[in-house]
Structure formats: C-alpha cells, structure tokens
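K.L.:
Turn this into a model:
(chains A and B)
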2 protein chains.
Amino acid sequence: MYSIGIDIGGMSVKIGVVAVDGKIIGKQRVKTANTPEVVVSDIVKVVDNLLKTNDINQKDLLGIGIGCPGAVNGDKGVVDFLPNLGWENVELVKMLKQHFDLPIKISNDANVATLAEALYGSAKDYNSAIMFTLGTGVGGGIVIDKKLYEGGHSRGAELGHMTLFMNGLPCTCGRNGCVECYTSATALINQTKSAMLQNANTKMWQFVDGDIGKVDGKTAFECAKLGDKTANKLVETYVSYLAESMLNLFNIFRPEVFILGGGISAQGEYLVNKLKEYCKKFNYGYKMAPKTEITVAMLGDDAGILGASLLVR
Amino acid sequence: MYSIGIDIGGMSVKIGVVAVDGKIIGKQRVKTANTPEVVVSDIVKVVDNLLKTNDINQKDLLGIGIGCPGAVNGDKGVVDFLPNLGWENVELVKMLKQHFDLPIKISNDANVATLAEALYGSAKDYNSAIMFTLGTGVGGGIVIDKKLYEGGHSRGAELGHMTLFMNGLPCTCGRNGCVECYTSATALINQTKSAMLQNANTKMWQFVDGDIGKVDGKTAFECAKLGDKTANKLVETYVSYLAESMLNLFNIFRPEVFILGGGISAQGEYLVNKLKEYCKKFNYGYKMAPKTEITVAMLGDDAGILGASLLVR
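P.N.:
Below you'll find the model as predicted:
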C-alpha cells in the first residue's frame, strides 16, 4: 500500500507517492499557482500522472496527506490563513475530495516535517520530539509517544508564537515579542544588518562584498567562525534567544530530543554545541531536570512529502 | 472501591479517602513534619486511622496518589527538589511502599489540582484544559482528552517557567523573566508595594491602614474596584502579564478551557472578564484561532486530595 504526500510551499507544490516503509517511490514538483482552484487541479493532474508512471491503482492508496504553511485547521480540513499565498478560509480537503474518494488529511508544514523526522529522520530513535523550523518564520512541531500532537482543532503547536520579550518587536501574528521575531532567519538577517550598520570594521562587510543586500542567514555564523568579534557577539545573542525559547519548551514537554530545521539548521554541530552549552548552564530549564538531546533535521527537502504522507498512514 | 489522596503542602499534609465517584468520604490533616521520614510515618498513621474510622479494608483500595509541590519525577516516584521543605532527591514512593502493598503514584501539586478540576470541577464539561495556580509561585497543569499530561518523566508542565521577559527578573528556577516572576501572588504583592511607594496618594495606603506590610494579593484588585487610578493601572498591567502568558499556551495547546486557581483566582469574574477582553483583542493568540474559555477553579481546598486520588484510579 501507498500514500500520497503533498507539500505546499510558497514557490512550488511537491507531490510524492510514498510506500508504507517510508520510501518515496516517485515525486514531482509544480510551480505554486495563484489560486487554490488551480493548485487543486495541478495536484489532481500530478497525482494521476504519478500513479500511472509508477503503475499504482487508486485502490492501493491509503489516502492523501497535505502539509501546508500558515494556520491550518486540520479538524475542518481548512487553511484558515496563509498570508504568503493570500489564502483565507480555503476548504482544501473538501475541494480535493471532489476528485479523490480517499481519506484526505491536512496539517501545518512544520507539523508534518516534525512527524517525518520523528519516524524516519533525526528523532527516529526517540519517542518524543519538538522541532523548530527556522526559516522566514519559525514553525513548530510536537511529537509525543511517536504521535503528532497538533493541539485542539489541530490549530496548536504554534511554537514560534510564544513570548520571548513581552511588548517587544511586532509580530505577523498580531502580538509582540514572539520567538519568531528573534530566532527566524529573517530576524537573524535583520540583527546582522543592524550590527553591520553600527560597526564599519566588522569582517561581515567584506563577506558580503560591501553590499548589505547580500546578507543572509549564514553571514553572521561564517564571520563568527573567522573570529570576527561583532559577528561572534551577534551569534552568541542569537543563540541565547534560541536557547531560551527551547528551554521554555523543555519545561513544558521534557522532550527526549529537540530538532532544529530550516535554513539556520545548516550550521549543524557548530550551532548545536553552542545551544547545548547554554542549556546546560541553565540545567536544561529547571533544577535536576532530565536532559533533552539537541540535533538538526536530516531529511531535508523530502521531509514535507514524507511527513504529509504519514498523516494518512 | 476507594483510593487515598494525599496533598503535601508547606504547612500541612491533607489525606483523604475518595470513592470512585469522586466523593471524599473521610479526610484528616496533619502538620507537615520537618523530615520526609516523619512525614511518611504521619501518613501511615493517618491512612490506618482513616481506614479504621470508615470501616474500609486495604483490599478495597485501588492505590495511593500523592500531590506534592516542587519538582517531582513521577516516573521514578521521587521528589527531585522541594525548596520550601528543604527536600532534595526524596524517594517518597519507595518509602511509602515499605508500608503499603498498593500502587502508589506521585505528581506535582498543580498537576493533580488540574486533574481534579478537569474531571470534577470547573472543566468537567471540557476535554482539554490548562490551569495556572497563582499562589506563592505559579504552578501549571495540562489535561488533554481528559488525561493528565505531565511531560517526559512527569517533569514537564512547568508552565510558570516560560519566559515573559527574557533577561527580566531573576526566578527561583535559575533563569530570568519567567511567567512566575510577574504573575504569582508574590509578584503582584511586590508590584503593589512598588506602586504604593511611588504614589503617596493612592487609596491603597488607606486600605492597608498605612502599613505596607499588610499588602496582599487583594489590595490592588479591591482598590481598583474602588476607582483608584494607581491600583487600576497596576491591575491592567498584571492582567496583561497573565493574559500574554495564557495566549502563549493557547498557541501551543488550543485548550477548550483555561482555569485559574490559587489565591488570585478569588477575584473571579472581575479578573476573568478582563482576561477575556485582552485575549479577544489578540484573537486568542492567532488569527482565526478557536476561542478558549476562561474560568476559575471551583474545588478549593479539596482539589489536592481529590486530584491525587485520581492518579491511581
């Protein structure tokens, strides 16, 4: 038996056929269309094509799982709010049900990535895991006893929207001072630019050939590794933001492992070691607290398809 | 069948026999002794006495449940850390097992209070609930699908130890800026005293007969109700601290109901209405988020015994 995993992104929609052992046996990607209607018709075409190409009958499918950014109400099968694509209240599951007589489930993209990592990736040897996806925003996922925990209406696990500094920077969610405002790649880029504008002598200027527009999530990290003082201080501050956010979740869930995904996680051991050091200094959140492992995601681009497929397995 | 519920507090240990319908059919209280050994021998005496008085045989007992403040490792049956009583690494379950051949379970006091409210109190008509106990510190409890969620090793749900202001006030847990530092009764008393010292004209001075030592968790609330401007501003700020802490948990769990317990919850509807107003302004945490009900605890003094007994039911 197989299931279909669909990973809806701002740039492309990735669709794959996944076997019950977690192997992706075929996948295809299509540019994300402007309207939900065209996205749905694209999905229908690609799924039909994938089934044909891989000689699979619809009867051999367990269902279709979808991972989607934004605020997703999994109970209703509705994308409540997806600002990047301008979607509001899109009944995606209902729309797809008109084409497929199969179980169809939808969840937030960070949720499905966490599920994939928990079952087949960097957390496969652990029962409980929490994940941050550090990209444009900060997504969150929670796995307890090897099962995805999405909160009520599957509208929880918004781990990027906990407070780090009450009354702090304005957040896209409508509140202020959220974790996302300090730990996303976007936030790190802003922090980097701000530090550069205050320090004409930092190596970071050379690193971007004097063009501040070239700053990305790696700039500060790479220059810190080169021994640049400003970059080093910047990275230490960023690590403290991230570690404090993680410690909050240790205190709530005591997960066996915490996974970092998204662009920033490319820093791998360098970042992980700094986080471990910080968390150790604060007893992993509380006196005599059990230790939580810290690691980076390993499934990369396939986590979306795989995780989505697991929603219906 | 019956179970024993034990509520260990800083001042007294309360012990009760609870029927399977949640009725406490007998209870007794004893002053909290100085050492765990004497606490255990007191418990043994009281349980024997309660069984005799109520004509119940040990064979009719399902087990013994214990609620205890501090950091409790429920998996190991150990009180890791209880600063008020000077306890560290106390193997309470093992010590009691030498006297009772019964299932014995232990959990944090806020956890068991939440379980009691979820099954028999203000959240009995809801499936998921989160609770804050606003007292000397801030305890937290999580109920999902009518079951207590304690986190890994039953060492999670430390909801008072999430960050509200990173690098803020020092917290007993070793970190800074925790929810507890701003929303506990202790914190409110400090905030009240500080506001009074800056405002010689506030009605709060008359309210405590000019004696700042008489300030308690009610002072600000009662004077705000009398229209005192300083007290009003103080209460609004306190409500914002509390509401922001709650919104963080809405974003993670989307509970059906949020329960306020502890001394501060005596403010009832007055406090609840202010919190609802604040949370509504911020869409209950996120755009188009399902609404979480807000209420106060209703079981009072009995929540500890009842909740503890439910650990072994």
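
K.L.:
and the gap between residue A:209 and residue A:215?
P.N.:
Applying Cβ to Cβ, to the nearest Å, the value for residue A:209 to residue A:215 is 11 Å. Bear in mind the C-beta positions are built from the backbone N, C-alpha and C, glycine included.

K.L.:
between the two, who's got more neighbours?
P.N.:
residue A:215 (21 against 7; other Cβ atoms under 10 Å in any protein chain shown).

K.L.:
Quick check: that one touching residue A:208?
P.N.:
Yes: Residue A:215 is in contact with residue A:208 according to Cβ atoms under 8 Å; the separation is 5.6 Å.

K.L.:
Residue of the stretch 51-200 of chain A nearest chain B, please.
P.N.:
The minimum distance from the stretch 51-200 of chain A to chain B, using Cβ to the nearest Cβ, falls at residue A:152 (3.3 Å).

K.L.:
Spell out which helix or strand contains residue A:47, please.
P.N.:
Here residue A:47 is covered by helix A:36-53, with elements defined by DSSP states H and E.

K.L.:
Residues touching that helix, excluding its own?
P.N.:
For helix A:36-53, contacts defined as Cβ atoms under 8 Å, 6 or more residues apart in numbering or on different chains pick out A:4, A:6, A:8, A:13, A:15-17, A:26-28, A:30, A:32-33, A:56-58, A:61, A:64, A:79, A:87, A:90, A:92, A:95-96, A:99-100.

K.L.:
Which ones among those residues lie within strands?
P.N.:
Using DSSP state E, A:4, A:6, A:8, A:13, A:15-17, A:26-28, A:30, A:61, A:64, A:79, A:87, A:90 are the members of the contacts of helix A:36-53 that sit in strands.

K.L.:
Nearest to residue B:191 among those residues?
P.N.:
Proximity of the ones in strands among the contacts of helix A:36-53 to residue B:191 (Cβ to Cβ) peaks at residue A:79, which lies at 41.9 Å.

K.L.:
can you tell me how far residue A:21 sits from residue A:306?
P.N.:
Residue A:21 sits 11 Å away from residue A:306, taking Cβ to Cβ as the criterion.

K.L.:
Restrict the helix holding residue A:47 to CA atoms and write it as PDB.
P.N.:
Output in PDB follows, covering the C-alpha atoms of helix A:36-53 (Å, rounded to 0.1, in the frame of the first residue of the first chain):
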ATOM      1  CA  PRO A  36      -6.500  27.400  -4.600                       C
ATOM      2  CA  GLU A  37      -8.600  26.100  -7.600                       C
ATOM      3  CA  VAL A  38      -5.600  25.900  -9.900                       C
ATOM      4  CA  VAL A  39      -3.400  24.400  -7.100                       C
ATOM      5  CA  VAL A  40      -6.100  21.700  -6.700                       C
ATOM      6  CA  SER A  41      -6.300  20.900 -10.400                       C
ATOM      7  CA  ASP A  42      -2.500  20.800 -10.600                       C
ATOM      8  CA  ILE A  43      -2.500  18.300  -7.700                       C
ATOM      9  CA  VAL A  44      -5.100  16.100  -9.400                       C
ATOM     10  CA  LYS A  45      -3.100  16.000 -12.700                       C
ATOM     11  CA  VAL A  46       0.200  15.300 -10.900                       C
ATOM     12  CA  VAL A  47      -1.300  12.500  -8.700                       C
ATOM     13  CA  ASP A  48      -2.900  10.900 -11.700                       C
ATOM     14  CA  ASN A  49       0.400  11.000 -13.600                       C
ATOM     15  CA  LEU A  50       2.400   9.700 -10.700                       C
ATOM     16  CA  LEU A  51       0.000   6.700 -10.200                       C
ATOM     17  CA  LYS A  52       0.200   5.900 -14.000                       C
ATOM     18  CA  THR A  53       4.000   6.200 -14.100                       C
END
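
K.L.:
Just the buried positions in it, please.
P.N.:
A:36, A:39, A:40, A:42, A:43, A:46, A:47, A:50, A:51 (16 or more other Cβ atoms under 10 Å in any protein chain shown).

K.L.:
which of the residues in the top helix by length along chain A are buried?
P.N.:
What stands out as the longest helix in chain A, according to DSSP state H, is helix A:229-253. Neighbour counts over helix A:229-253 (16+ other Cβ under 10 Å) mark A:230-232, A:234-235, A:238-253 as buried.

K.L.:
where do the strands sit along the stretch 101-250 of chain A?
P.N.:
Using DSSP state E, counting those that start in this stretch, the strands of the stretch 101-250 of chain A run over A:104-108, A:129-134, A:138-144, A:147-148.

K.L.:
Can you tell me which of these is most buried?
P.N.:
Across the strands of the stretch 101-250 of chain A, the average number of neighbours (mean count of other Cβ atoms under 10 Å in any protein chain shown) peaks for strand A:129-134, which reaches a mean of 29.

K.L.:
Now stretch A:255-264: average pLDDT?
P.N.:
Averaging pLDDT along stretch A:255-264 yields 97.

K.L.:
Please list the residues of the stretch 101-250 of chain A that sit near chain B.
P.N.:
Applying Cβ under 8 Å from any Cβ of the partner chain, one finds that the stretch 101-250 of chain A approaches chain B through A:128, A:140, A:142, A:144, A:149, A:151-153, A:155-159, A:161-166, A:173-175, A:240-241, A:244-245, A:247-248.

K.L.:
Could you single out the nearest of the buried residues of helix A:36-53 to residue A:193?
P.N.:
If you rank those by distance to residue A:193 using Cβ to Cβ, residue A:39 comes first, at 34.1 Å.

K.L.:
Among the ones in strands among the contacts of helix A:36-53, name the buried ones.
P.N.:
A:4, A:6, A:8, A:13, A:15-17, A:26-27, A:61, A:64, A:79, A:87, A:90.

K.L.:
ok, of those, which one's closest to residue B:261?
P.N.:
For these, the residue nearest residue B:261 by Cβ to Cβ is residue A:79; the value is 36.5 Å.

K.L.:
Quick check: bridge partners of the closest one?
P.N.:
Assessed by DSSP bridges, residue A:79 has beta-bridge partners residue A:72, residue A:90.

K.L.:
pretty sure it contacts residue A:86?
P.N.:
No: counting by Cβ under 8 Å, residue A:79 does not reach residue A:86; the two are 11.1 Å apart.

K.L.:
neighbours around residue A:221, how many?
P.N.:
Residue A:221 has 22 neighbours, counted by other Cβ under 10 Å.

K.L.:
Now do the contacts for it.
P.N.:
Residues counted as contacts of residue A:221 (Cβ under 8 Å, 6+ apart) are A:231, A:235, A:267, A:270, A:271.

K.L.:
how close does it get to residue B:185?
P.N.:
Distance from residue A:221 to residue B:185, counting by Cβ to Cβ: 44 Å.

K.L.:
For the stretch 101-250 of chain A, just list every one of the helices.
P.N.:
Assigned by DSSP state H, counting those that start in this stretch, the helices in the stretch 101-250 of chain A fall at A:109-120, A:180-183, A:185-198, A:204-207, A:219-225, A:229-253.

K.L.:
how far away is residue A:59 from residue A:271?
P.N.:
From residue A:59 to residue A:271 the distance is 46 Å (Cβ to Cβ).

K.L.:
oh sorry, the question was meant for residue A:289
P.N.:
Residue A:289 sits 22 Å away from residue A:271, going by Cβ to Cβ.
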